[in-house]
Every structure is written in structure tokens, then in C-alpha cells.
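A.B. asks: Can you look at this prediction? I've put the sequence above it.
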Amino acid sequence: MGGIKMISPGTNLYDPDLLKNLDWDSVKGCLSPPITNENTGENWLLVRPLQLEDFDNGYLQLLSQLTTVGNVDQEKFRNQFHAMQKAGGYYVTVVEDLRNSQIIGAATLVTEFKFIHECALRARLEDVVVNSTYRGKQLGKLIVLTVTLLSKKLGCYKMSLDCKDKLIPFYKSIGYKLEPGNANSMIIRYDQPSDGQKIF
């Protein structure tokens, strides 16, 4: 595919092959027109793991549309990147605009080992953001569903997130449910029947 730069594996936060063959059939109907992380509908969009080079590709500036980032220079970024890479369990996933090499969307999947559920793996969704000038192109759904399906592929028994009231309808539209007793906590479970719903 023209325009995609070759990146050595060590610069990816996690193995990009993990994003191949996700179970998009389980979320049919969530996206109209249907798109996937491997078929974004636009040849200038690429969904991939965070890379070291993204310090220069606008990743921190994108995060600043979500919350305060603070003073993070290239060395701090590199050290944190390598710490997350070494620890494992961090799957920061981004959407790149290949036309200008800028990061325009991102979401973080964090996994944790549990003793419960027969020593299962649990997932959390964090830091979801889409560049304000690109909104309305389903990129929010695309990036959230990508990491959600990745958590399913990794064998997590559930994925959870905390969100503001205004975002509850968005997450409901892609299969998340409010967790009883936690007003702004939403979950998807993979270890229970989905009450006849086709989503997950």
C-alpha cells in the first residue's frame, strides 16, 4: 500500500499482528457504513499501535484535547514508552492520517491479571480521543471497537470504562452497559450470554 512507512518492530508499543483478524462480525450494525481497523474506508487512515515516532506525530497534542498532559519532553516520552513496553499489558492504539503523518485518534487498553474467574485477564478502556476536526467520521467508534475487540482476542473476561453522562449513549450504541451500582461505569462482558444481542 503506497504511503505507509515501514517501521521496525521495536518502535511499536505492542505487536501490530495482534490487530489482525479481530472479530468484527460480532459488532455488525455498530458502524454505518461498516468499517474495520483493517478496512477503514479511507486509504489515508491507518489504525496501529502507538510508536516511538508519535512524539513527533502529534500524539501528545491530541491527548491535550482530552485532558492536561503537562510538560513531556522527548526523553520523558521515550522512557514512559519503554516502561509500558517492558511491563506489557498496555495497548495504546492510534489512528494516523497518512497524508500528514499526524495522530488523529487514540484509545488505551490496559489489561490486568486477576485471581478471580480462574486467574482471568480484565481490561480497562482509557484515554479515548479523536481530533476535533475529524469528528463525524465514525473514528470514535472505530478506535473504541478496535481496542474492545482486541481485549476480547486477548482473552479478557470483561472490559470496563468510566465516562461522563453525555457519553453514555455513545458507549451504549456499541454494546457497553451501565454497571449496576456505578453511575458512570460501563462494561462489556465476554464470559456471559449477551441476552440475544448480536454485539459481542
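C.D. replies: Looks like it came in fine.
A.B. asks: Wait, a strand at residue 76?
C.D. replies: No: with DSSP: H, G, I helix; E, B strand; the rest coil as the criterion, residue 76 is helix rather than part of a strand.
A.B. asks: Point out where the protein drops to low pLDDT.
C.D. replies: 1-10, 192-200 (pLDDT under 70).
A.B. asks: same thing but at 90, please
C.D. replies: Within the chain, the segments meeting pLDDT under 90 span 1-10, 28, 117, 135-137, 179-184, 190-200.
A.B. asks: All the strands of it, residue numbers only.
C.D. replies: 45-49, 90-97, 102-113, 121-130, 156-162, 177-178, 185-189 (DSSP state E).
A.B. asks: The ones you listed into a markdown table, with extra columns for distance to residue 78 and mean neighbour count?
C.D. replies: Using the backbone N, CA and C atoms, a C-beta is placed for each residue, glycine as well. Formatted as a markdown table, the strands of the chain follow (distance: least, CB to CB, whole Å; neighbours: other CB atoms under 10 Å):
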| stretch | distance to residue 78 | mean neighbour count |
| --- | --- | --- |
| strand 45-49 | 16 | 20 |
| strand 90-97 | 14 | 23 |
| strand 102-113 | 16 | 20 |
| strand 121-130 | 19 | 19 |
| strand 156-162 | 28 | 20 |
| strand 177-178 | 39 | 16 |
| strand 185-189 | 33 | 18 |
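A.B. asks: Specify the stretch among the ones you listed that is closest to residue 73.
C.D. replies: strand 102-113 (17.6 Å; CB to CB).
A.B. asks: Can you show me the CA trace of the closest one as CSV?
C.D. replies: Taking Å, rounded to 0.1, in the frame of the first residue of the first chain, the C-alpha atoms of strand 102-113 are listed here in CSV:
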residue,chain,number,x,y,z
GLN,A,102,-0.5,13.0,12.3
ILE,A,103,-2.2,11.1,15.0
ILE,A,104,-5.9,11.9,14.9
GLY,A,105,-7.4,9.3,17.2
ALA,A,106,-6.3,7.2,20.1
ALA,A,107,-7.5,4.8,22.8
THR,A,108,-5.7,2.9,25.5
LEU,A,109,-6.5,-0.7,26.5
VAL,A,110,-4.9,-1.7,29.8
THR,A,111,-5.1,-5.3,31.0
GLU,A,112,-4.6,-6.7,34.5
PHE,A,113,-4.1,-10.2,35.8
